[in-house]
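J.: I'll drop the sequence and a predicted model, then ask my questions.
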Amino acid sequence: MSELRATERLIINQLIDHGIFTSTITPQTAGTTADAINALKRPVTQQRLNSYFKTLLGVVPDNYQENLLFLFSDKRLDAESVHVLLATIKAVINLPELQNTQSDRVVPTQTVISQVRSEVVSLDEKEIRRRITALFVDRFALFTPDMPELGPSEQTEEVEDYWDISPDFNYVAQCLVNHLQAGESAQPATATQRVNRALLNHRYLSRSSKLWPDLLLHKEEIAAQWAQLDRFELECGDDYALLLDKTRQPSRAKPFVVAIAVAGSLGVGLPVDQLGIRIRSMIRQIFPDESVTVTLVKQALTDFGLVIAENSYVSPTPIASRFAMKTMLEQDAGGQSPEGEN
């Protein structure tokens with residue numbers, strides 16, 4: 001297994017985080033990213049990237065004019081989100097503001113939302129905004145929120161917000177459409193690829209998983225494959241395997257603290273529709289005089305892999321007990337709050 005170069009690691013890590021890697025260099029592009037974009041123009045770089053993905057997961061990214069797309073398994077979209085995605089692509093491509101201009105790619109947010117709403121009539125504008133933001137701002141980073149600067153006399157006025165559209169939008173849009181039209185082909189996977197797919201999607205495996213024997217048999221090989229990215233470390237306990245992400249910063253946020261407590265309180269499981277009640281109960285116990293948003297606690301439960309939802313029940317993962325143990329050790333040592341790493 002040949003050693004990955006720094007530019008190749010950057011591209012792969014961005015594909016894991018956002019699902020895309022775009023090819024236009026702008027004045028705002030970081031030097032390391034520009035180096036990676038230039039490296040991607042070389043066929044040997046594309047071959048090495050494909051070789052790594054093929055070995056790790058058995059699939060390779062889509063490539064459209066050196067813009068890469070990586071949508072994989074659990075990260076794929078439900079039908080309604082696909083409808084929003086395609087309607088957003090259509091709306092943005094047809095915006096007059098983006099015709100024949102490269103310097104100013106800022107468009108009113110409400111204009112895009114209204115256009116999508118005319119196509120996706122089953123969702124209201126609030127939900128459409130949420131889904132567009134989740135897809136194009138948070139996930140693909142193709143839209144950047146842009147608010148105008150206000151003078152003192154304008155502070156109380158209702159101000160229209162904007163999205164700054166990536167210059168690679170049309171290329172990535174074509175890549176997305178091609179991918180959705182082609183569908184996901186069911187390709188056979190090796191034992192290590194099956195384990196790596198599970199680790200990529202969930203970041204952990206428990207002893208009860210049917211993949212556990214394969215993990216134990218190929219543990220060193222799997223750890224070495226992820227270590228290539230200079231980011232992930234495979235931690236194996238007696239009853240769990242956890243893919244630790246060294247780029248995740250310690251979390252001392254209240255939602256994360258509550259999330260650890262909630263996960264630890266679930267026992268063998270709790271009906272999904274009772275999760276909000278349990279979260280509110282824990283907030284009252286831990287932070288009785290402070291406000292903690294239930295939605296942020298739910299997000300922390302998911303982001304840190306503390307729970308899994310199956311058959312309308314939510315249950316703690318092995319990671320939950322790991323965090324709980326770490327919290328207790330830190331408290332014994334005089335620490336102020338738990339650290340989050342995943």
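T.: Received it, and whenever you're ready, just let me know what you need.
J.: show me where the chain has its strands.
T.: Along the chain, the stretches classed as strands by DSSP state E are 20-21, 62-64, 67-69, 106-108, 143-146, 162-165, 204-206, 232-236, 240-245, 270-271, 307-310, 313-316.
J.: please identify the most buried of the ones you listed.
T.: Per residue and on average, the most neighbours among the strands of the chain fall to strand 20-21, with a mean of 25 (mean count of other Cβ atoms under 10 Å). Any C-beta I mention is one placed from the backbone N, CA and C, and that applies to glycine too.
J.: contacting residues around the closest residue to Thr144 other than its chain neighbours?
T.: Residue nearest to Thr144 in three dimensions, not counting chain neighbours: Asp164, with 4.3 Å by Cβ to Cβ, 6 or more residues apart in numbering. Contacts of Asp164 were listed using Cβ atoms under 8 Å, 6 or more residues apart in numbering, and they are 105-106, 143-146.
J.: let's have the strands of the chain in CSV, adding mean pLDDT and distance to Arg322.
T.: Putting these into CSV (pLDDT from 0 to 100; distance: least, Cβ to Cβ, whole Å) gives the following:
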stretch, mean pLDDT, distance to Arg322
strand 20-21, 92, 32
strand 62-64, 88, 35
strand 67-69, 91, 33
strand 106-108, 89, 44
strand 143-146, 89, 35
strand 162-165, 92, 39
strand 204-206, 81, 9
strand 232-236, 89, 8
strand 240-245, 84, 7
strand 270-271, 92, 20
strand 307-310, 85, 13
strand 313-316, 90, 10
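J.: so can I have TSV of those strands showing distance to Ile222?
T.: Conversion of the strands of the chain to TSV gives the following (distance: least, Cβ to Cβ, whole Å):
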stretch	distance to Ile222
strand 20-21	24
strand 62-64	25
strand 67-69	24
strand 106-108	44
strand 143-146	36
strand 162-165	39
strand 204-206	10
strand 232-236	6
strand 240-245	9
strand 270-271	32
strand 307-310	21
strand 313-316	24
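J.: the ones you listed: which one's closest to Ala182?
T.: strand 62-64 (8.2 Å; Cβ to Cβ).
J.: so what does that closest one touch, helix or strand wise?
T.: strand 67-69, helix 169-182 (3 or more Cβ pairs under 8 Å, 6 or more residues apart in numbering; DSSP states H and E).
J.: re earlier: which one of the strands of the chain lies closest to Ala91?
T.: Of all those, strand 106-108 comes closest under Cβ to Cβ, at 9.3 Å.
J.: partner strands of the closest one, with direction?
T.: Sheet pairing of strand 106-108 (DSSP bridges) gives strand 162-165 (antiparallel).
J.: that's all I had, so thanks and see you.
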